[in-house]
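Novice: Predicted structure and sequence below. I'll ask about it afterward.
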Amino acid sequence: MPNFAHLRSDYLNINPLPTIALPEWEEERLWQEIQTLEEDKNMPYVTSVERIGIKKGRLRDRKV
């Protein structure tokens, strides 16, 4: 599976998104829930920015 992590970091460097600071315990709980969901569904969590990058990559590949 291709790694699109660089697309996310490139986008965030160009278009910084506002962040919501959660208390540390809440952030840990949130990420634990996401990890559990990923494992249960056998599906990685993909952000909207990553989905946009994946879509652009697929469109670019079709043109080649």
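Specialist: Structure received. Note that the structure is predicted; figures quoted are calculated from it, not measured. Numbers count the residues shown, from 1 in each chain.

Novice: which strands and helices sit next to the host helix or strand of Arg58?
Specialist: Per DSSP states H and E, Arg58 falls inside helix 48-63. Judged by 3 or more C-beta pairs under 8 Å, 6 or more residues apart in numbering; DSSP states H and E, helix 48-63 is in contact with helix 5-14. (C-beta placed from N, C-alpha, C; glycine too.)

Novice: if we look at the helix or strand following the helix it packs on, which residues are touching it?
Specialist: Next helix or strand after helix 5-14 toward the C-terminus (DSSP H and E): helix 24-41. Helix 24-41 has contacts (C-beta atoms under 8 Å, 6 or more residues apart in numbering) with 22, 44-45.

Novice: can you do 6 Å?
Specialist: 44-45 (C-beta atoms under 6 Å, 6 or more residues apart in numbering).

Novice: Pass me the low-pLDDT residue ranges in the chain, would you?
Specialist: Across the chain, the ranges flagged by pLDDT under 70 are 1-19, 64.

Novice: Please identify the buried residues of the helix holding Arg58?
Specialist: The neighbour-count check on helix 48-63 (16 or more other C-beta atoms under 10 Å) flags 49-50, 53 as buried.
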